[in-house]
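Novice: turn this into a model:
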Amino acid sequence: MRRHQKWMLLELTGTLSEAHEQIKKEIKNKNAETVTALLGSCQEGAVSIGEAIEASEGEGTKTVQLLEDYCEKLYGISQDLEAGSANSDKAAKILERSINAIQNSISADIPERLETVFLPYKASMWDSLESVWKKADADPDCDAYVIPIPYFDRNPDGSAKEEHYEGGEYPSYVPVTDYREYDFEGRHPDRIYIHNPYDDGNFVTSVHPFFYSKNLKEYTDELIYIPYFVLPDPDPENEAQVEGISHFITVAAVINADKVIVQSENMRKAYIKVMTKYAGAQTKEYWEHKISGEGSPKFDKVENTKKEDLEIPEEWRKITTKPDGSMKKIIMYNTSVQALLDNDEKMIDKIEDALRIFKENKDDVTLLWRPHPLIKATISSMKPHLWERYSKIVEQYRKEGWGIYDDSADLDRAIILSDAYYGDPSSVVELYKRTKKPIMIQNVDIIEETGEA
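Specialist: Below you'll find the model as predicted:
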């Protein structure tokens with residue numbers, strides 16, 4: 001039986017217990033008609049509890065037998081009432097003893113199942129939830145549902161533009177449930193995991209408003225937020241470092257969730273410091289209880305993915321193999337949203353220059369270019385003047401075919417397959433560090449014509 005359903009049944013037995021006190025009072029006051037009505041209501045409540053248990057656990061359970069015994073006691077009291085021999089104290093004790101046995105049986109004898117829901121929106125960010133889902137899915141007492149949710153690009157004025165749904169882009173081993181087929185109100189999952197932090201606070205994209213954290217918390221007993229990103233681990237005593245990441249912390253999901261899971265204990269301390277400053281010193285204990293530093297599933301994914309287990313497209317194999325059959329070195333080229341926003345045309349120049357250099361060395365090195373999945377939505381919305389030039393660069397690169405363009409949902413494949421990282425500072429760097437392979441950060445101010453790469 002679902003945990004939520006058990007709690008509801010226990011609440012209902014508590015209501016019956018309250019009715020017993022009223023029955024005792026009305027017997028003393030000799031209000032036979034009211035007592036009869038109360039006894040009938042108690043019987044109806046007991047029957048509904050029994051039907052719910054049988055629907056979940058089948059017939060013949062100990063709890064249902066106790067409920068049947070309870071109904072017999074209700075009938076016995078009604079018979080005493082008709083005979084004029086009903087004793088208020090005795091009736092209340094009999095009923096309360098019976099309902100206590102029922103409550104204990106519901107708690108101890110009916111096995112409890114959790115229903116846990118995972119609500120990713122971009123398939124490329126699924127790694128921020130996957131290891132938690134795997135654990136829930138492996139638990140025989142848990143029903144775990146992966147329910148990708150729709151999201152929208154936004155126009156420069158903030159209005160909704162194009163709708164996206166990526167339910168078909170998840171790994172084949174992940175069973176996906178259509179969000180239109182899951183009744184959140186009726187099922188009321190015990191836990192909901194999200195990785196979207198912003199609600200309506202993102203100027204580039206927005207999940208459907210139904211899936212804002214402020215709304216979801218009404219449909220679950222525990223809303224849990226895990227960031228879709230990882231950051232350089234801060235020194236929680238370094239005020240400048242903590243302040244530098246505060247905009248990642250003071251977001252809707254952190255405020256609305258019942259639990260927040262972050263990448264490390266240092267990050268936890270930073271979150272607590274920022275949110276205490278944001279909400280007031282009296283809230284510190286609340287944030288200490290709410291925020292956990294047990295680690296990011298993104299780290300789990302990188303550390304547990306093996307190169308030999310990767311599915312490599314045939315067109316990639318052709319590009320990464322030399323004529324003699326040996327493998328070229330593969331460089332993962334990561335370009336970030338923030339670098340484009342910060343550097344404008346200069347960043348476009350840098351990308352062009354980097355592609356030119358790798359093209360000149362394509363016989364020995366394969367470039368695996370993996371841009372941030374939100375570049376198109378961000379640049380077309382916030383800096384539309386850059387989009388035409390950027391999109392032409394991408395189009396030309398893909399057309400020439402000398403390197404790999406990876407816009408798939410599988411970030412970890414690129415990290416594990418490549419031999420080194422080159423590109424912008426980003427959360428990908430934090431993941432790449434786990435591989436212990438070389439990392440080179442590109443400098444937008446240095447162009448090859450100066451004699452440096």
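Novice: please make it C-alpha for all contacts and neighbour counts, starting now.
Specialist: Will do.
Novice: quick one: low-confidence parts of the chain?
Specialist: Regions of the chain meeting the criterion pLDDT under 70 cover residues 449-453.
Novice: ranges for the strands of it?
Specialist: Secondary structure of the chain (DSSP state E): strands located at 114-119, 142-146, 151-154, 160-164, 191-194, 205-207, 222-225, 259-261, 291-292, 329-335, 365-371, 404-405, 420-423, 439-441.
Novice: show me what the last one is packed up against.
Specialist: Contacting strand 439-441 under the criterion 3 or more Cα pairs under 8 Å, 6 or more residues apart in numbering; DSSP states H and E are the following elements: strand 420-423.
Novice: cool, and the first one?
Specialist: Under the contact criterion of 3+ Cα pairs under 8 Å, 6+ apart, the helices and strands touching strand 114-119 comprise strand 142-146, strand 191-194.
Novice: same thing with the fourth one?
Specialist: For strand 160-164, the elements it packs on are strand 151-154, judged by 3+ Cα pairs under 8 Å, 6+ apart.
Novice: re the thing from before, figure out which of the strands of the chain is closest to residue 320.
Specialist: strand 365-371 (5.8 Å; Cα to Cα).
Novice: got the angle between that closest one and strand 329-335?
Specialist: 20 degrees (axes from the mean of the first three to the mean of the last three Cα atoms, to 10 degrees).
Novice: can I get strand 365-371 in CSV, CA atoms only?
Specialist: The C-alpha trace of strand 365-371 is given here as CSV (Å, rounded to 0.1, in the frame of the first residue of the first chain):
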residue,chain,number,x,y,z
VAL,A,365,43.1,15.1,-33.7
THR,A,366,39.4,14.8,-33.8
LEU,A,367,37.4,17.7,-32.5
LEU,A,368,34.2,16.8,-30.6
TRP,A,369,32.3,20.1,-30.4
ARG,A,370,29.6,20.0,-27.7
PRO,A,371,27.9,23.4,-27.2
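Novice: partners of that strand, with directions?
Specialist: Here strand 365-371 is paired, per DSSP bridges, with strand 329-335 (parallel), strand 404-405 (parallel).
Novice: what separates the last one from the chain centre, distance-wise?
Specialist: Centroid separation for strand 404-405 versus its chain: 29 Å, with Cα atoms, centre = their mean, to the nearest Å.
Novice: tell me the spacing between residue 238 and residue 245.
Specialist: According to Cα to Cα, to the nearest Å, residue 238 and residue 245 sit 11 Å apart.
Novice: coming back round to it: put together JSON lines for the strands of the chain, with distance to residue 386 on each row.
Specialist: Output for the strands of the chain, formatted as JSON lines (distance: least, Cα to Cα, whole Å):
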{"stretch": "strand 114-119", "distance to residue 386": "32"}
{"stretch": "strand 142-146", "distance to residue 386": "36"}
{"stretch": "strand 151-154", "distance to residue 386": "17"}
{"stretch": "strand 160-164", "distance to residue 386": "19"}
{"stretch": "strand 191-194", "distance to residue 386": "32"}
{"stretch": "strand 205-207", "distance to residue 386": "18"}
{"stretch": "strand 222-225", "distance to residue 386": "33"}
{"stretch": "strand 259-261", "distance to residue 386": "36"}
{"stretch": "strand 291-292", "distance to residue 386": "39"}
{"stretch": "strand 329-335", "distance to residue 386": "14"}
{"stretch": "strand 365-371", "distance to residue 386": "15"}
{"stretch": "strand 404-405", "distance to residue 386": "20"}
{"stretch": "strand 420-423", "distance to residue 386": "19"}
{"stretch": "strand 439-441", "distance to residue 386": "22"}
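Novice: what ranges do the helices span in the stretch 201-350 of the chain?
Specialist: In the stretch 201-350 of the chain, the helices defined using DSSP state H, counting those that start in this stretch lie at 213-216, 239-244, 246-249, 252-256, 265-279, 284-290, 297-304, 314-320, 337-343, 345-360.
Novice: turn those into JSON lines, including mean neighbour count.
Specialist: Formatted as JSON lines, those follow (neighbours: other Cα atoms under 10 Å):
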{"stretch": "helix 213-216", "mean neighbour count": "19"}
{"stretch": "helix 239-244", "mean neighbour count": "15"}
{"stretch": "helix 246-249", "mean neighbour count": "16"}
{"stretch": "helix 252-256", "mean neighbour count": "21"}
{"stretch": "helix 265-279", "mean neighbour count": "20"}
{"stretch": "helix 284-290", "mean neighbour count": "15"}
{"stretch": "helix 297-304", "mean neighbour count": "19"}
{"stretch": "helix 314-320", "mean neighbour count": "15"}
{"stretch": "helix 337-343", "mean neighbour count": "16"}
{"stretch": "helix 345-360", "mean neighbour count": "17"}
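Novice: residue 195 is nearest to which of these?
Specialist: Short answer: helix 252-256, nearest of the helices of the stretch 201-350 of the chain by Cα to Cα, at 8.4 Å.
Novice: helices or strands next to that closest one in the packing?
Specialist: With contacts taken as 3+ Cα pairs under 8 Å, 6+ apart, helix 252-256 sits against helix 213-216.
Novice: extract the C-alpha trace of the helix it packs on and format it as PDB.
Specialist: Provided in PDB are the C-alpha atoms of helix 213-216 (Å, rounded to 0.1, in the frame of the first residue of the first chain):
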ATOM      1  CA  SER A 213       8.100  24.100  -7.600                       C
ATOM      2  CA  LYS A 214       5.600  26.400  -5.900                       C
ATOM      3  CA  ASN A 215       2.800  24.300  -7.500                       C
ATOM      4  CA  LEU A 216       4.300  20.800  -7.300                       C
END
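Novice: check which helices and strands it is in contact with.
Specialist: Where contact means 3+ Cα pairs under 8 Å, 6+ apart, helix 213-216 is packed against helix 252-256.
Novice: now the helix it packs on, how far from the centre of its chain.
Specialist: Using Cα atoms, centre = their mean, the offset of helix 252-256 from its chain centre is 13 Å.
Novice: fine by me, we can end here.
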